[in-house]
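**Student:** Fold the following for me, if possible:
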Amino acid sequence: MRTGMVLAAAGIAALAPGAAAKSPDHPVDVREPLRDAAARRPAPGPPAERRAREALARRLGDQGVVDVDPLTGTVRALGRLDGALTGPSDQSAVTVARRFARDHATAIGLGAADVRELAPETGPRSPGGVAIVRLRQQRDGIPAFDGVLDVALDRANRVVAVTGAPRDDLGAARRRSPAPRPPRWCCSAHARRGWPGTSSRTRPTRSSTPRPGRSCTARA
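**Tutor:** Purely as a prediction, here's the structure:
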């Protein structure tokens, strides 16, 4: 268990976003002022997430670490200073990491759809046997900036630390994006064409003839 304690402490310290951001060789995170402001006025978060985190903290005990990023509202550091978070496994590190993220999605602050879209990235194990599985958030195949969940596993594929503070609203942000609308000067032509957000009953407010120097792809 001493080995697990060392690995957990090392994993949390090495992977925590704040530790990396303060390195002189690390790019400056322009969100730090926003994070500091959010920390001064923390939001309570959804009740289901609070209950899941409280239950997880009780299970981990006095040596457990459950740290929430005030900006994203998701867990940025999760671990135990006296052991591992899971038992040993003969499955692959990626399988174990994904299962952990799925089983603790609510406590982490992610939805089921968020977890399904996490794309795993792996590297070689360290000389001490530690493997890092990076579960990167993406939308339509495009990686999200700093949207990662790093899962550290020991030689026996026990999860010893989880960090990253991923976002929980990528899908919601996409759903909130308004449909593109045509310029007013060609709205009637686009309505006949079927531009998203228009209808055939749209009354033209201006001529459907494009202004000089402008192009309109709609065809009556």
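**Student:** Please make it C-alpha for all contacts and neighbour counts, starting now.
**Tutor:** Will do.
**Student:** how about low-confidence regions in this structure?
**Tutor:** Scanning the chain with the threshold set as pLDDT under 70 gives 1-44, 145, 169-220.
**Student:** Name the surrounding residues that touch the lengthiest strand in it.
**Tutor:** Ordering each strand of the chain by length in residues (DSSP state E) puts strand 142-153 first. With Cα atoms under 8 Å, 6 or more residues apart in numbering as the test, strand 142-153 has contacts from 11, 15, 93, 97, 130-138, 159-167.
**Student:** Over to stretch 85-95?
**Tutor:** So stretch 85-95 is contacted by 60, 79, 96, 120, 122, 131, 133, 153, 156-161 (Cα under 8 Å, 6+ apart).
**Student:** Let's see that with 7 Å instead.
**Tutor:** Gly79, Pro120, Val133, Ala156, Asn157, Arg158, Val159, Val160 (Cα atoms under 7 Å, 6 or more residues apart in numbering).
**Student:** Now the two most distant members of those.
**Tutor:** Longest distance between any two of the contacts of stretch 85-95 is 20.0 Å, between Gly79 and Pro120; criterion Cα to Cα.
**Student:** those strands in this protein, which residues are they?
**Tutor:** 64-68, 75-80, 119-122, 131-139, 142-153, 159-163.
**Student:** The first one pairs with which strands, parallel or anti?
**Tutor:** Meaning strand 64-68. For strand 64-68, the paired strands and their directions (DSSP bridges) are strand 75-80 (antiparallel).
**Student:** Test my guess that Leu78 contacts Val160.
**Tutor:** No: between Leu78 and Val160 there is no contact under Cα atoms under 7 Å: 8.6 Å.
**Student:** Which of those two has more residues huddled nearby?
**Tutor:** Set Leu78 next to Val160 and count neighbours by other Cα atoms under 10 Å: Val160 wins out with 29 against 25.
**Student:** Show the buried residues in the contacts of stretch 85-95.
**Tutor:** Gly79, Pro120, Val133, Asn157, Arg158, Val159, Val160 (16 or more other Cα atoms under 10 Å).
**Student:** ok, now which ones touch the fifth one?
**Tutor:** Contacts for Arg158 (Cα under 7 Å, 6+ apart) come out as Ala84, Leu85, Thr86, Gly87, Pro88, Ser89.
**Student:** Which of those has the largest number of neighbours?
**Tutor:** Ala84 (26 neighbours).
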